[in-house]
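Trainee: sequence plus the predicted model coming up.
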Amino acid sequence: MSFIDDIKAQAKSDKKRIVLPEYMDSRTYEAAVKIAQEGIADIVLIGTPEEIAANKGDYDLTGITVIDPTTDPNRQKYIDKFVELRAKKGVTPEQAEEQMMKDYMYYACLMCKCGDADGAVSGACHSTGNTIRPALQLLKTKPGIHSVSGFFVMDVPDCEFGENGRFVFADCAVNVDFDSEKLAEIAILSADSFKAFIGAEPKVAMLSYSTKGSAKHDDVTKVAEAVKLVKEQRPDIKVDGELQFDAAIVGSVAKLKAPDSDVAGSANTIIFPSLEAGNIGYKLVQRLAKAGAYGPVLQGLSMPVNDLSRGCFADDIVGVVAMTAVQAQKA
Ligand code: ACO
């Protein structure tokens, strides 16, 4: 079974309610219909009758809930919640209502916050920043977590490395600046995400251009310090670094460069030292190895909200909804 078929089966076992706020994109309707037909999740679309009619084409929305935000009896509840959550920022009820009605991702996040939905997926026609900002502002992080980060599940065909070719790569999507503390938190969240999505024991490699002190630089020290922090905070996680990518995944290289490591040579959870490295790294593997790249999936949020690529196909939306539903099951 492919990775995504595994995830769809998991999602179907306990159906969750997922909001798709991008009424203006035909891929939303195609995906919603597929999700309903396959029984992956209960889908909620947001849009006025006019907005939906102008965009849905011939798709039959039987079995899909459509919320009209102009007549929704919960609307005042969401305005009140918005004002409460953004009180420190001085947001007024008028501003809250305007923002919610202008950008339905805010509406979707408020539905989640008020317990009327289990998660949301957007980004087919919005940038990553515009997709995740409402979630950062309204849903916030899980208790004890400082930063939301973004991982990909990489499913590499015909690959003997990782967990039968499956890996988690992070952070590939969110944090522009990393210090050792943030890097350690990304590694811990990613180990838990690997366990949740792949089901096997995570082995975390914290990458650099150096392996175990082969080069000296502040960048290398930052990664080595992050490894120490992970070991202190979560002694149950198998982690090592700093490691070069070949030493992290290839047994013969690991024997030469990090012979005493219980992670080097068999790592399956790959933590990059910067957003540039993570974002470029996942795209290299996706394109050159023709790997499945599922994400970016956000980790560390109090409720699951996920982003899509603007180049996505409807099937990609189906996959990300299934992953969001699985995150909601484990929340
Ligand atoms: N974790 C938790 N909270 C955060 C995070 C984070 N990583 N980043 C920002 N926040 C919070 C802030 O504290 C702030 O909260 P507040 O309003 O309650 O004070 C709120 O989110 C908004 O923060 P800003 O810094 O004002 O938001 P901004 O929009 O400038 O930045 C963002 C946040 C969107 C995540 C930004 O860091 C970003 O653009 N990152 C890069 C995204 C990107 O382009 N990725 C590559 C493409 S993705 C791909 O290729 C798959």
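Mentor: Good, I have the coordinates.
Trainee: tell me how far Lys15 lies from Ala328.
Mentor: As judged by Cβ to Cβ, to the nearest Å, Lys15 and Ala328 stand 10 Å apart. Where you see a C-beta, it was placed from the backbone N, CA and C, and this is true even at glycine.
Trainee: correction: Tyr104
Mentor: Taken as Cβ to Cβ, the span from Tyr104 to Ala328 is 19 Å.
Trainee: with neighbour numbers in mind, choose between those two.
Mentor: When neighbours are counted by other Cβ atoms under 10 Å, Tyr104 and Ala328 differ, and Tyr104 comes out ahead with 25 against 21.
Trainee: helix or strand for the residue of the stretch 201-331 of the chain found nearest the ligand, which one?
Mentor: Closest approach of the stretch 201-331 of the chain to the ligand (Cβ to the nearest ligand atom) occurs at Pro296, with a separation of 4.6 Å. Under the criterion DSSP states H and E, the helix or strand holding Pro296 is strand 292-299.
Trainee: which strands or helices does the helix or strand that comes right after that strand pack on?
Mentor: Using DSSP H and E, the next helix or strand after strand 292-299 towards the C-terminus is strand 305-307. With contacts defined as 3 or more Cβ pairs under 8 Å, 6 or more residues apart in numbering; DSSP states H and E, strand 305-307 has these neighbours: helix 104-113, strand 119-122, helix 128-138, strand 292-299, helix 314-330.
Trainee: for Lys77, which of these is the nearest?
Mentor: For the helices and strands packed on strand 305-307, proximity to Lys77 was assessed by Cβ to Cβ; helix 104-113 is nearest, at 8.3 Å.
Trainee: helices or strands up against the closest one?
Mentor: Contact analysis of helix 104-113 by 3+ Cβ pairs under 8 Å, 6+ apart lists strand 17-20, strand 42-46, helix 75-85, helix 93-102, strand 119-122, helix 128-138, strand 305-307 as its packing neighbours.
Trainee: comparing the helices and strands packed on strand 305-307, which comes out most buried?
Mentor: Neighbour counts (mean count of other Cβ atoms under 10 Å) averaged over each of the helices and strands packed on strand 305-307 peak at strand 119-122, with a mean of 30.
Trainee: what's the average pLDDT for that strand?
Mentor: Regarding strand 119-122, the rounded mean pLDDT is 97.
Trainee: partner strands of it, with direction?
Mentor: Its sheet considered, strand 119-122 pairs with strand 17-20 (parallel), strand 305-307 (parallel) by DSSP bridges.
Trainee: any part of that strand near the ligand?
Mentor: No - Strand 119-122 stays out of contact with the ligand when judged by Cβ under 6 Å from any ligand atom, the minimum separation being 13.1 Å.
Trainee: show residues contacting that strand.
Mentor: 16-22, 105, 108-109, 111-112, 131, 135, 303-308, 317, 320-321, 324-325, 327-328 (Cβ atoms under 8 Å, 6 or more residues apart in numbering).
Trainee: so is the strand or helix carrying Glu181 next to the ligand?
Mentor: In the assignment (DSSP H and E), Glu181 maps to helix 180-198. No - using Cβ under 6 Å from any ligand atom, helix 180-198 stays clear of the ligand, coming no nearer than 8.4 Å.
Trainee: so what secondary structure elements neighbour that helix?
Mentor: Packing partners of helix 180-198 (3+ Cβ pairs under 8 Å, 6+ apart): strand 149-155, strand 166-170, strand 203-207, helix 218-233, strand 269-271, strand 292-299, helix 314-330.
Trainee: may I see the buried residues of stretch 226-237?
Mentor: Residues of stretch 226-237 classed as buried: Ala226, Val227, Leu229, Val230, Ile237 (neighbour count, 16 or more other Cβ atoms under 10 Å).
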